[in-house]
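Novice: Predicted model and sequence below, questions to follow.
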Amino acid sequence: MVSAKRIKDSPSQRTLNRRQRAANLAGAFVFESPPPAHLLIIDDVVTTGSTGNALGRAALEAGAKRVDIWAAARTPLGKD
């Protein structure tokens, strides 16, 4: 199992728009050990994709070559 750690304390995403969510999670994660070349991230609900994007970027920076993100549900896109 691969483990990532959240290193940035930031407010809840709940009330933030798309841009605020992306800024809120920029640089928020690091991997505690090198990830495999192909990593799968499973998220329960995707709203803007900011969490998966931030975690995926951290994985690529830590050495992953490919990151796939799967989600159980997606919220409807808003106007943000």
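Specialist: Received the coordinates, thanks. Residues are numbered from 1 along each chain as shown.

Novice: give me the number of residues near A28?
Specialist: By other CB atoms under 10 Å, the residues close to A28 number 19. All C-beta atoms are positioned from the backbone trio N, CA, C, and that covers glycine.

Novice: give the contact list for the residue nearest to it when sequence neighbours are not counted.
Specialist: Closest residue in space to A28, ignoring its immediate chain neighbours: K8 at 3.9 Å, by CB to CB, 6 or more residues apart in numbering. Residues near K8 by CB atoms under 8 Å, 6 or more residues apart in numbering: 25, 27-29.

Novice: Tell me what D43 is bridged to.
Specialist: Beta bridges link D43 to A71, judged by DSSP bridges.

Novice: Surely it touches S50?
Specialist: No - counting by CB atoms under 8 Å, D43 stays clear of S50, with 10.5 Å between them.

Novice: So between the two, which is more surrounded?
Specialist: S50 (21 against 16).

Novice: so who does that one touch?
Specialist: Counting by CB under 8 Å, 6+ apart, S50 has contacts 13, 18, 21-22, 24-25.

Novice: cool, and W70?
Specialist: With CB under 8 Å, 6+ apart, W70 has these contacts: 40-43.

Novice: quick one on the thing from earlier: secondary structure class for the residue nearest to A28?
Specialist: Here K8 takes the coil state, with states given by DSSP: H, G, I helix; E, B strand; the rest coil.

Novice: So which residues of the protein form strands?
Specialist: Using DSSP state E, the strands of the chain run over 4-6, 29-31, 38-46, 66-74.

Novice: and among those strands, the most buried is which?
Specialist: Greatest average neighbour count among the strands of the chain goes to strand 29-31 (a mean of 17), per mean count of other CB atoms under 10 Å.
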